[in-house]
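**Q** Using only what follows, build the 3D model:
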Amino acid sequence: MTRILIADDHEIVRQGVRAILSRRDRWEVVGEAADGRDAVEQARVTEPEIAILDYALPFINGIEVARQIRVHSPKTEVLMFTQHDNEALLRNILEAGVRGYLLKSDATLYLVQAVEALEHHQPFFTKTVSDILVSSYLAKSDASPSILTARETAVVKLIAEGHSNKETAAILGLSEKTVESHRSASMRKLDAKSTAALVRYAIRNRLIEA
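**A** Just a heads-up that it's a prediction; the model follows:
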């Protein structure tokens, strides 16, 4: 049996994913999580072969969850399951070691195919996502100094949600000094002069909901 973890903050989405996965007898959903912290804990307890993660999870976003899961369980394959498809997000996902990416709008067509690929430790990206990646590299957009790293993005998201440096450090398992360093680097890259500017960036880039 292939053990699968599903993490999404919408129960109806988790139910839909579970229903699609039920088409294969060899797949077993061993855990569900509604936020990033619970997803990390569930992964530690259930040790899934595959983790299907929403990007926009509460508390800890999907990229940071993927990073933490792979630290504790390097063999766990991750499928990022999201409605977002911007270039910066795709780069951060790849940097985190995620080898599968699926837009929620494509779930009915490709979810089974994506899980089958990851089950055999093969990467999975739809043509739409592959085209975005190719266009990004051809345009050399990865050279832009304004792009945040995955860890900086996680810090900005939590700060924009109203968490203090101390709370952010506790959630991400970092020191306050490291959080402050990521916060300062993010503000410098974004030319943000205040926390309000970080909040606006987070809303504009769909890290949080307005």
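
**Q** Give me the contacts around stretch 108-116.
**A** 2, 4, 17, 20-21, 23-24, 27, 50, 52, 79, 81, 100, 102, 124, 126 (CB atoms under 8 Å, 6 or more residues apart in numbering). (Glycine included, C-beta is placed from N, CA and C.)

**Q** domain parsing for the protein?
**A** The record's domain parsing of the chain by the TED database lists 2-141, 150-205.

**Q** could I get the ones you listed as JSON lines with mean neighbour count and mean pLDDT?
**A** Listed next are these as JSON lines, based on neighbours: other CB atoms under 10 Å; pLDDT from 0 to 100:
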{"stretch": "domain 2-141", "mean neighbour count": "18", "mean pLDDT": "89"}
{"stretch": "domain 150-205", "mean neighbour count": "17", "mean pLDDT": "90"}
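
**Q** Now Glu28: phi and psi?
**A** Main-chain torsions, Glu28, degrees, to the nearest 10: phi -130, psi 120.

**Q** Tabulate the CA atom coordinates of whichever helix in the chain runs longest in PDB.
**A** Counting residues, the longest helix found in the chain (DSSP state H) is helix 176-190. Output of helix 176-190 as PDB, limited to C-alpha atoms (Å, rounded to 0.1, in the frame of the first residue of the first chain):
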ATOM      1  CA  GLU A 176      14.200  35.100  16.600                       C
ATOM      2  CA  LYS A 177      17.500  36.400  15.200                       C
ATOM      3  CA  THR A 178      17.100  34.200  12.100                       C
ATOM      4  CA  VAL A 179      13.500  35.400  11.600                       C
ATOM      5  CA  GLU A 180      14.600  39.000  12.000                       C
ATOM      6  CA  SER A 181      17.300  38.400   9.400                       C
ATOM      7  CA  HIS A 182      14.800  37.000   6.900                       C
ATOM      8  CA  ARG A 183      12.400  39.800   7.600                       C
ATOM      9  CA  SER A 184      15.100  42.400   7.000                       C
ATOM     10  CA  ALA A 185      16.200  40.700   3.800                       C
ATOM     11  CA  SER A 186      12.700  40.500   2.500                       C
ATOM     12  CA  MET A 187      12.000  44.200   3.200                       C
ATOM     13  CA  ARG A 188      15.200  45.100   1.500                       C
ATOM     14  CA  LYS A 189      14.400  43.000  -1.600                       C
ATOM     15  CA  LEU A 190      10.900  44.300  -1.800                       C
END
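
**Q** Next, the contact list for the residue nearest the centre of the chain, please.
**A** Centroid-nearest residue in the chain: Gly62, 2.4 Å away (criterion: CA atoms, centre = their mean). Applying CB under 8 Å, 6+ apart to Gly62 gives the contacts 7, 36, 53-56, 80, 82.
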